[in-house]
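Undergrad: I'd like to go over a predicted model; first the sequence, then the structure.
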Amino acid sequence: MNLTLNIWRQDGPNAQGRMVTYQLADVSEHMSFLEMLDVLNEQLVEKGEEPIAFDSDCREGICGMCGLMINGKAHGPEVTTTCQLHMRSFHDGDTITIEPWRATAFPVLRDLVVDRSAFDRIIQSGGFISVNTGAAPESHSVPVPKAKADRAFESAKCIGCGACVAACPNAAGMLFMGAKVTHLGELPQGQPERWARVVKMVSQHDHEGFGGCTNTGACADACPKEIPLDVINQLNKDLLAAMRVRG
Amino acid sequence: MATQTLLKGETTARRTTVFMKVLMASTGALFVFYVLMHMYGNLKIFAGAKAFDEYAEHLREMLVPILPYSGFLWLFRVLLVVALLVHAYAAFTLWSRANSARPQRYAVKSAAKGAARSKMMRWGGITLLTWLIFHLVQFTIAKVNFNGAFSAEALKIDGHASTGMLVVASFKLWWVVLIYLIALVALGMHLFHGVWSGAQTLGWTNSARSRKLAHTVAHLVAAVVVIGFAVPPLAILAGLVTGK
Ligand code: HEM
Ligand code: SF4
Ligand code: FES
């Protein structure tokens, strides 16, 4: 298939960016979206132009590096990561507009690459449990009810890709945080730091310049891992409980 | 640019955006209660202007003699005004935060319901605020009669100015009814999202069942409020309610 691509180009963090249009011919529908960009980059290099910078790592949908805004949708038209998106989701003659995530807390580094370290700092502020190192404890010594284990697992599927922020009209990071708070809060190991965790994470989130939540659900619709909206309810609930417990 | 630093020192829940939302949700819940009561009270106009006035009089006598005459009414008014200031303050603060959280817009506007809902709440809220000022001046503060067909004498019952008659006179004008219908559309949409959103903010939607319930209640409250408030003005315009 032949495609017209509108791609955001930006030389550096403080440079003025612009949309540039490229024509790409003979794209196979079996290619992944990133392979399609690889082909375009090869052609650009051959012509002596700068290749388009974009992020990727695992290319199997588990690392969360590859987020792109494709035709106004985070990770494109399917419920999956950009690396797992295939060109069969597009048609011959399509125009595809590709932009980086847009959020103050995710500054553009170059072209389509953004700095998502704000998420790392949110995790650093409270998205962990403290354990003494040494021999691993017997895994069956702490029983976990099935329903809680399932919900923790479902929430642990978050790969930190940032699509929720990218899709949110307020650029809020609530689904990401809600996933962590729910994942750790459902498990016995997460209890000692539970109330401090939610307050610290939300405070860091606000400090990073993310917006506030308006419960629109745009995040959950965009999430490649189908993290459900109710993790945000859990986050709110934990914050209210933290106010009661911690004052 | 991101701040690139880890927040130092004590953090408190009360300084978070989530707490702002909690303020908005709890003041919103008070408004929902008030609006439902108000709507119910308005239906009294079907029993005539006199019954309507008596109902208003009862409100002033509530909790007398524990409180002085009109005491409860004034306490409630103060509470509502404070709640409104808190609600609007939180709304505008979060609005401006959302704008600075994404200064650079996407080239492709997403058709996602998210953006539409946030716009609907914010611009709808401003519509409500503007209408509220008009409404209070019209019926409470200045008691303005726009309808020249009703003389000051015609608006009196037993020698006293009647609010019920003022209501009837006002809604005989199509443009007054239109203003109210527009405000009701804004209110209905606000409740449609707001009641659900408030439930989620307060942490009440943790199961699939409670989530569904919150949506159902939101749609129900929105429908009941819009219909309940729209019926009296429409009935008056249609000549079904004469007042006396
Ligand atoms: C002064 C005019 C008003 C303004 C500017 C305003 C603005 C807003 C905004 C921007 C939101 C947040 C929307 C969101 O989270 O998506 C909101 C939420 C809400 N509003 Fe209002 N509003 C006003 C009046 C009212 C009235 C009269 C009612 C009740 C009848 C009401 C009930 C609610 C409820 C229940 C919420 C949900 C709170 C939450 O999201 O947690 N508001 N309002
Ligand atoms: S919640 Fe979903 S969209 Fe958000 S960072 Fe995690 S995986 Fe990505
Ligand atoms: S490259 Fe790892 S999730 Fe896409």
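TA: Everything's here; your move. Ligands and ions are numbered 1, 2, ... in the order given.
Undergrad: Let me see the ranges of the strands in chain B.
TA: Assigned by DSSP state E, chain B shows strands spanning B:156-157, B:160-161.
Undergrad: Can you tell me the strand partners of the first one and which way each runs?
TA: The strands that strand B:156-157 pairs with in its sheet are strand B:160-161 (antiparallel) (by DSSP bridges).
Undergrad: what does the partner strand contact?
TA: B:53, B:143, B:152, B:155 (Cβ atoms under 8 Å, 6 or more residues apart in numbering or on different chains). C-betas here are computed from N, CA, C, even on glycine.
Undergrad: Which one of those residues is nearest to chain A?
TA: The closest of the contacts of strand B:160-161 to chain A turns out to be B:Lys143 (Cβ to the nearest Cβ; 37.5 Å).
Undergrad: just to revisit the earlier point, what's the most distant pair in the contacts of strand B:160-161?
TA: Farthest-apart pair in these is B:Asp53 and B:Ala152; separation 16.0 Å (Cβ to Cβ).
Undergrad: Of the two, give the one with the bigger neighbour count.
TA: The neighbour count for B:Asp53 versus B:Ala152, taken as other Cβ atoms under 10 Å in any protein chain shown, is higher for B:Asp53 (21 against 8).
Undergrad: unless I'm mixing things up, that one is touching B:Val167, no?
TA: No: between B:Asp53 and B:Val167 there is no contact under Cβ atoms under 8 Å: 9.9 Å.
Undergrad: quick one: contacts for residue 210?
TA: No chain was given, so I picked chain A. Contact partners of A:Phe210, counting by Cβ under 8 Å, 6+ apart, are A:103-105, A:118, A:165, A:170-173, B:101.
Undergrad: wrong one, chain B
TA: The contact partners of B:Ser210, by Cβ under 8 Å, 6+ apart, come to B:199, B:204.
Undergrad: Which neighbours in the sheet does the strand or helix carrying A:Ile98 have, and how are they oriented?
TA: Using DSSP states H and E, A:Ile98 falls within strand A:95-99. When sheet partners are counted by DSSP bridges, strand A:95-99 sits next to strand A:3-9 (parallel), strand A:69-70 (antiparallel).
Undergrad: could you point out where chain A is predicted with low confidence?
TA: Applying pLDDT under 70 to chain A picks out residues A:247.
Undergrad: Please name the nearest non-neighbouring residue to the residue in chain A that ligand 1 sits nearest to.
TA: Per Cβ to the nearest ligand atom, A:Thr214 is where chain A lies closest to ligand 1, at 3.2 Å. Leaving aside its sequence neighbours, A:Thr214 sits nearest to B:Ser118 (Cβ to Cβ, 6 or more residues apart in numbering or on different chains; 4.9 Å).
Undergrad: wait, doesn't that neighbour sit right on A:Thr216?
TA: Yes: using Cβ under 8 Å, B:Ser118 is in contact with A:Thr216, at 6.1 Å.
Undergrad: of those two, who's got more company?
TA: Neighbour totals were compared for B:Ser118 and A:Thr216, and A:Thr216 leads with 25 against 22 (other Cβ under 10 Å).
Undergrad: picking up where we left off before, mind putting the contacts of strand B:160-161 into JSON lines with pLDDT?
TA: JSON lines is the format used below for the contacts of strand B:160-161 (pLDDT from 0 to 100):
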{"residue": "B:Asp53", "pLDDT": "93"}
{"residue": "B:Lys143", "pLDDT": "90"}
{"residue": "B:Ala152", "pLDDT": "88"}
{"residue": "B:Leu155", "pLDDT": "91"}
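Undergrad: Tell me the one among these nearest to A:Asp221.
TA: B:Lys143 (48.8 Å).
Undergrad: And chain A, what are its domain boundaries?
TA: For chain A, automatic domain parsing gives the domain ranges A:3-109, A:117-129+A:144-246.
Undergrad: out of these, deepest packed?
TA: Here the criterion is mean neighbour count by mean count of other Cβ atoms under 10 Å in any protein chain shown, and of the domains of chain A the winner is domain A:117-129+A:144-246, at a mean of 22.
Undergrad: gap between the two ends of that one?
TA: Start to finish, the residues bounding domain A:117-129+A:144-246 are 29 Å apart (Cα to Cα, to the nearest Å).
Undergrad: Repeat that for stretch A:79-94.
TA: Start-to-end span of stretch A:79-94 (Cα to Cα) is 20 Å.
Undergrad: So is that stretch next to ligand 2?
TA: No: legend: contact between stretch A:79-94 and ligand 2 by Cβ under 6 Å from any ligand atom is lacking; minimum distance shown is 8.5 Å.
Undergrad: can you count the residues close to the nearest residue to B:His219 once chain neighbours are set aside?
TA: In this structure, B:His219 finds its nearest non-sequential neighbour in B:Phe192, 6.4 Å apart by Cβ to Cβ, 6+ apart. The local packing of B:Phe192 (other Cβ under 10 Å) involves 22 other residues.
Undergrad: these two touch, right, A:Arg110 and A:Gly12?
TA: Yes: using Cβ under 8 Å, A:Arg110 is in contact with A:Gly12, at 6.1 Å.
Undergrad: ranges for the helices of chain B?
TA: Counting by DSSP state H, residue ranges of the helices within chain B are B:17-42, B:49-61, B:71-101, B:113-136, B:163-170, B:174-201, B:208-237.
Undergrad: Out of the ones you listed, indicate the one that is most buried.
TA: Ranked by mean neighbour count, those are led by helix B:163-170 with a mean of 23 (mean count of other Cβ under 10 Å).
Undergrad: In terms of secondary structure, what does it contact?
TA: Using 3 or more Cβ pairs under 8 Å, 6 or more residues apart in numbering or on different chains; DSSP states H and E, the elements in contact with helix B:163-170 are helix B:49-61, strand B:156-157, helix B:208-237.
Undergrad: Can you say which of the ones you listed is nearest to A:Cys83?
TA: With Cβ to Cβ as the criterion, A:Cys83 lies closest to helix B:208-237 of the helices and strands packed on helix B:163-170, at 30.9 Å.
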